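# I would like to see how this sequence folds:
(2 chains)
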Amino acid sequence: MTMHFLLLFSRQGKLRLQKWFTPIPEREKKKIVRDMTTMVLGRKPRSCNFLHWKDLKIVYKKYASLYFCCGLDAEENELLALEVLHRYVELLDKYFGNVCELDIIFNFEKAYFILDEFLLGGEVQETSKQVVSRSIEASDMLQEVSERPRSR
Amino acid sequence: MSPSVRLQEMIRVIRGARTQGEERGVIQRECAAIRAQFRQADNGTRSHNLAKLLYVHMLGYPAHFGQMECVRLIASPRYNEKRVGYLGAMMLLDEKQDASLLITNSIKNDLSHSSQYVQSLALCTLACMGSAEMCRDLAPEIDRLLRASNSYIKKKAALCAVHMVRKVPELGELFTPAARSLLSEKNHGVLHGAVVLITELCERNPDTLEQFRKAVPELVLMMKGLVMSGYSPEHNVAGISDPFLQVRILRLLRILGRNNDTASDAMNDLLAQVATNTDSSKTAGSAVLYETVLTVMDIKSESGLRVLAVNILGRFLLNNDRNIRYISMTSLQKIVQTDHNAVQRHRGTIVDCLKDQDASVKRRALELSLALVSAVNIRSLMKELLLFLSSCPPELRAHTTSGIFNAAERYAPSQRWHIDTILHVLTTAGGDVRDETVPNLIQLITTATELHCYTVHKLYRALITDISVQSLVQVACWCIGEYGDLLLRGECEETEPVQVTEDDVLDALETVLQSHMSSPATRGFALTATMKLSTRITHNVDRIRSIVSIYGSCIDVELQQRAVEYNALFKKYDHMRAAVLERMPVIDKSSPGHTNGESAGGTIKELEPTKLTQEIVFPQEPSNQVCDLLDLLGGSGEPFQPSPSLSSTAPGPASSTAGGDLLDLLGGLDVTPAPPSVTVYEKNGVTLKLQTDTQTDTGMTVTLTATNSTDGDITGLTLQAAVPKSVQLQMKAPSGDVIPAHGLGQVTQTVLLNNPNKVSLKIRVRVCYTSQSSVCQDTVQIDSFPSTAW
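Okay, here's the model as predicted:
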């Protein structure tokens, strides 16, 4: 699933996470974020989850108060993209326990770490939920250890 | 207080800011503190400061001063610092920043770190923002990791290799051997990475593609294993075992099977199996089925398999899930040209989707419906399309109308149906049609001669109902002007008769003229129509006269000009009015006059073929003469001019514009007869004289003068001329077509000749006229000319 970008934003259009898999200048990133939020938030409630924007396919899904939006190449399988987004939400849910938007706001770096165990370079790197969760746990443990002050 | 709480505290404070200004203030303070902290020595809070900075960055504030801090943190030996450092690098650095090069060394070191989680950080960052240079630098490392590491690292290394190949395609050769061996792994993560890598390599290099075709059986087995395996808790998604891997394998098979019979054969059975065994009740299964369909349609599959695939798409069309309906239609659109019949079978469902709530689905359904129109289904499909038009979203209207028109033009079963359809579209969505619709429709109406009565009745009814749709009103005015006599006659075979009085018709046209809704072009149409009616009605000509004279002082220049000319037609040239406003000929679709609504001049060929034939353009000249006239009177470029109508059958009244009188008035556009004149024809009292006047080296003006010595007027005089092939001929308007009796008057006609090749000049003239109620026609050839120019 060659993703160009993955964005999470709230109903009010506030960005909660942005992952870019292709090198894009800062100004253009801002423009893309603006365009995506406008387009997706403007969709009627029971529309289909696929859009066209420039030469990309945009797949989005609303989970509670958060919109998950990704940009794909034109030949990608949109239905699979929906599954990818869903898998990410499941991983977040498992990690935070009944995840909600506040979890992602206050622990944004964790959200990134989880994403980085699931996707790499815009592609799915691990298809097993358990393996991803275990990797995150192990990394967190390592972080905890390294944070402890070294005994002098 | 542990450092990370400070981060969350900051977030809380920022979120608590009530205004944008307050938020900015908080952030500025925090950033200042962070900058100060960065400048200090390591105090154990660096990672948290960077994390704070990254949060601020996500809100949209500048954070470039954190770039160097990222570099420093990445180089730190502590995992927590590395973690945030790499995260920062991925967010703040990209290949365009200079600082990104500085982390190359750190990445290199970390790729060989003892902890796989550190290795993982490096791989992730490299795959996310590695520049071409970095990729070239570190490719051997990645290759090493592809071969000898645990599956955790291998899967990441594979995707990192994908990124590298995208950045530096030549690296593909380096990774090909390792990629091949990865296919025998068992770990799904590694397999997935391997398949993605192989896909990338094959897409970029046809030789590699050849090589990996040999792996098709292996891939087929792999896929079979996934499809037929029992429940696997680790990879199961809604009953499908690892849909992510399945889709990627299918995609790779597609690339390998494309344009290759052997490979396609090898995967035929598998695809059929997947297509039949996959449960598509949830998205995961549908995703796999979708990919299967795409693969089947792209490789050289058997026809049975293709039909199966199209049927799957057809089933998708009936799915409750809107997403699935949408992708089904996009896929059908791609194959509608190649597998037309298969898609036709699902036409009913597609047409039903026109009524879907979702705008994207509607758009797709419209595209597909238009692609499926054929001579067989045109009537039923058009009904659906017209129904759709009445309720379709505004952004689709223009596209729908043009699609309908195209379809109607190609497959119209009858002219009446065609006209009805266009009228229906105009009434429903006249505001969204293309500009050429009006002249196209007018042209169509003129060709349907038996339907003139029906058409004008229908249009009249539409006009009195509603005058807001400009295109419809324009066509209606034109028809009423042209066929008003049929309208007034009342009876019509095809519709119920309705009594329309002359006043009713004039009322309708005047309403259009006076309405604020009418555009200037529409009012022009209405005025001209009113004028045309003056020859088709009997009682209310005065009313028309007064309407026309009122508009002589209209503010709109275009209308004013027309009104003045029509006035002139009433006053000075009343004798010509009938001829000028006669019924128009059938408009040729390709003639130049057609595209802007002018009447076409026909071309009249020389009827007797001889070796000296050349086509002459006859009536076009008189209308040009009228043009010149009108131009001089102060206007130009009207879409409809009262030009003479000439049918190619009978030599109708030649445009007896009072060319002679007016021309004299203007100082003579005609050539005054030069002395040497020779009589070329003399019969029945009609004499035809020819005079020449050499103007230029190759150009000559010939004047033909006809006189009549009989007791009765000669009427319907027409002259036609033919010259040798290389000579160009241009006939000017005759001064009239009636030669008064007893030699009291004459008719002159000028002919301009251009003889660039200076061939010997001959001219053949045919004379037609009516004398004492009998029609005469003669041809005379003139081989020698009075002037000695040549």
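# the helix or strand hosting B:Asn109 and chain A in contact?
In this structure, B:Asn109 is located in helix B:104-111 according to DSSP states H and E. No: for helix B:104-111 and chain A, the contact criterion (Cβ under 8 Å from any Cβ of the partner chain) is not met; the two come no nearer than 13.6 Å. C-beta coordinates here come from the backbone N, C-alpha and C atoms, glycine included.
# so how far is that helix off the chain centroid?
54 Å (Cα atoms, centre = their mean, to the nearest Å).
# stretch B:678-685 - what's its average pLDDT?
The average pLDDT within stretch B:678-685 is 82.
# can you give me the buried ones in that stretch?
B:Val680, B:Tyr681, B:Asn684, B:Gly685 (16 or more other Cβ atoms under 10 Å in any protein chain shown).
# and the strands in chain A?
Taking DSSP state E to define them, one finds strands in chain A at A:3-10, A:15-20, A:50-53, A:56-63, A:66-72, A:119-120, A:123-124.
# any chance of those strands in a markdown table, plus mean neighbour count?
Output for the strands of chain A, formatted as a markdown table (neighbours: other Cβ atoms under 10 Å in any protein chain shown):
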| stretch | mean neighbour count |
| --- | --- |
| strand A:3-10 | 21 |
| strand A:15-20 | 19 |
| strand A:50-53 | 16 |
| strand A:56-63 | 20 |
| strand A:66-72 | 24 |
| strand A:119-120 | 26 |
| strand A:123-124 | 24 |
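# how about the nearest residue to B:Lys732, chain neighbours excluded?
B:Thr750 (4.0 Å; Cβ to Cβ, 6 or more residues apart in numbering or on different chains).
# which residues touch residue 56?
In the absence of a named chain, this looks at chain A. When contacts are counted by Cβ atoms under 8 Å, 6 or more residues apart in numbering or on different chains, A:Leu56 is found next to A:His4, A:Gly71, A:Leu72, A:Asp73, A:Ala74.
# not what I meant, chain B
Here B:Val56 is in contact with B:Ile14, B:Ile27, B:Glu30, B:Cys31, B:Ala63 (Cβ under 8 Å, 6+ apart).
# how about A:Leu72?
With Cβ under 8 Å, 6+ apart, A:Leu72 has these contacts: A:Met1, A:Thr2, A:Met3, A:His4, A:Leu56, A:Lys57, A:Ile58, A:Val59, A:Glu78, A:Ala81.
# for whichever residue of the stretch 401-550 of chain B sits closest to chain A, grab the count of nearby residues.
Closest contact between the stretch 401-550 of chain B and chain A, by Cβ to the nearest Cβ, is at B:Gly403 (19.3 Å). Counted with other Cβ atoms under 10 Å in any protein chain shown, residues neighbouring B:Gly403 total 19.
# over to A:Lys44?
8.
# phi, psi of it?
A:Lys44 has phi and psi values of phi -70, psi 160 when expressed as degrees, to the nearest 10.
# quick check: it vs B:Arg251, distance?
32 Å (Cβ to Cβ, to the nearest Å).
# please, which helix or strand holds the closest residue to chain A within the stretch 151-300 of chain B?
Nearest residue of the stretch 151-300 of chain B to chain A, counting by Cβ to the nearest Cβ: B:Ala287, 3.6 Å away. According to DSSP H and E, B:Ala287 maps onto helix B:283-298.
# tell me what that helix is packed against?
helix A:78-96, strand B:240-241, helix B:243-257, helix B:261-277, helix B:303-317, helix B:322-335 (3 or more Cβ pairs under 8 Å, 6 or more residues apart in numbering or on different chains; DSSP states H and E).
# output the lowest mean pLDDT helix or strand found in chain A.
strand A:50-53 (a mean of 90; mean pLDDT, DSSP states H and E).
# ok, residues contacting it?
A:35-36, A:39-40, A:43, A:57-60, A:71, A:78, B:323, B:326-327, B:360.
# ok, stretch A:129-141 next?
A:87, A:90-91, A:94-95, A:113-114, A:117-118, A:126, B:83, B:117, B:120, B:152, B:189, B:234.
# please redo it, this time with the cut-off set to 7 Å
Contacts to stretch A:129-141, defined as Cβ atoms under 7 Å, 6 or more residues apart in numbering or on different chains, come from residues A:Glu90, A:Leu91, A:Lys94, A:Tyr95, A:Phe113, A:Ile114, A:Glu117, A:Phe118, A:Glu126, B:Tyr117, B:Gly189, B:Glu234.
# residues touching the last one, list them.
Residues in contact with B:Glu234, defined by Cβ under 7 Å, 6+ apart, are A:Ser128, A:Gln130.
# would you say it is within a helix?
No: according to DSSP: H, G, I helix; E, B strand; the rest coil, B:Glu234 belongs to no helix; its state is coil.
# quick one: low-confidence parts of the chain?
Picking chain A for this. For chain A, the stretches flagged by pLDDT under 70 are A:1, A:150-152.
# please go with chain B instead
Checking chain B against pLDDT under 70 turns up B:1-5, B:494-495, B:497, B:590-676, B:695, B:785-790.
# swap the cut-off to 50 and go again
B:1, B:592-674, B:788-790 (pLDDT under 50).
# those strands in it, which residues are they?
B:236-237, B:240-241, B:677-683, B:686-694, B:699-708, B:714-722, B:728-731, B:746-754, B:763-771, B:774-782.
# got TSV for the ones you listed, with distance to B:Leu219 too?
Below are these laid out as TSV (distance: least, Cβ to Cβ, whole Å):
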stretch	distance to B:Leu219
strand B:236-237	21
strand B:240-241	16
strand B:677-683	92
strand B:686-694	88
strand B:699-708	81
strand B:714-722	78
strand B:728-731	74
strand B:746-754	77
strand B:763-771	82
strand B:774-782	85
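# check these for me and report the most buried one.
strand B:240-241 (a mean of 24; mean count of other Cβ atoms under 10 Å in any protein chain shown).
# which strands or helices does that strand pack on?
Applying 3 or more Cβ pairs under 7 Å, 6 or more residues apart in numbering or on different chains; DSSP states H and E, one finds that strand B:240-241 makes contact with helix B:283-298.
# list the contacts of the helix it packs on.
With Cβ under 7 Å, 6+ apart as the criterion, helix B:283-298 contacts A:77, A:79-80, A:82-83, B:237-240, B:243, B:246-247, B:250-251, B:253-254, B:258, B:271, B:274-275, B:278-280, B:305-306, B:309, B:312-313, B:324, B:327, B:331, B:335.
# what about B:Ser391, distance to chain A?
16 Å (Cβ to the nearest Cβ, to the nearest Å).
# what about that residue, how many neighbours?
When neighbours are counted by other Cβ under 10 Å, B:Ser391 comes out with 10.
# who in chain A is up against chain B?
Residues of chain A lying near chain B by Cβ under 7 Å from any Cβ of the partner chain: A:15, A:18, A:21, A:23, A:46-50, A:77-80, A:82-83, A:105-106, A:108-109, A:112, A:116, A:120-121, A:123-128, A:130-131, A:138-139, A:142-143, A:146-147.
# give the contact list for B:Ser360.
A:Ser47, A:Cys48, A:Phe50, B:Tyr326.
# what sits opposite the third one in the beta ladder?
On DSSP bridges, the residues paired with A:Phe50 through beta bridges are A:Val59.
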